[in-house]
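S.K.: how would this look folded up:
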Amino acid sequence: MERIVIIGGHGKVALHLAGLLVERGDEAVSIIRNPAQSADVERAGGTPLVLDVESADVEALAEAFAGADAVVWSAGAGGGDADRTYAVDRDAAQRAVDAAGAAGVRRFVMVSWIGSVPDHGIAPDDA
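M.R.: Here you go, the predicted structure:
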């Protein structure tokens, strides 16, 4: 049995993953920002952990990752606001990688957008 921490635990990929992990006998700890999402996480098989990764520092993230065998980043700002996109998709993700290292987590998986390629079709001046 492994303990897997899923960041962005209320998203479609994360909810699906939690169910798959629990089905195979693992523990899925799903980090969510909104406590109202707890019931959905529990229905999927995960254990909700309320933590705002956008504002959490490395130490708080490392505490959440303690004892984990892997961390899966499945969070995202969802676009629409360049500042928030940087805050979540870049800065918080970088803190999460640092926190995983500090917590001794050996595996970090990042779920990404399929269009994450150099020729993604978004205008260079689009914030």
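S.K.: after the helix-or-strand element of the chain with minimal mean pLDDT comes which helix or strand?
M.R.: Ranked by mean pLDDT, DSSP states H and E, the weakest helix or strand in the chain is helix 82-85, scoring a mean of 87. Sequence-wise, the next helix or strand downstream of helix 82-85 (DSSP states H and E) is helix 93-102.
S.K.: returning to that earlier point: okay, buried residues for the least confident helix or strand of the chain please.
M.R.: Residues of helix 82-85 classed as buried by neighbour count (16 or more other Cβ atoms under 10 Å): T85. All C-beta atoms are positioned from the backbone trio N, CA, C, and that covers glycine.
S.K.: with stretch 99-108 instead?
M.R.: Within stretch 99-108, the residues that count as buried by 16+ other Cβ under 10 Å are 99-100, 103, 105, 108.
S.K.: what do you get for stretch 30-50?
M.R.: Buried, per 16+ other Cβ under 10 Å, within stretch 30-50: 30-33, 37-38, 40-41, 44-49.
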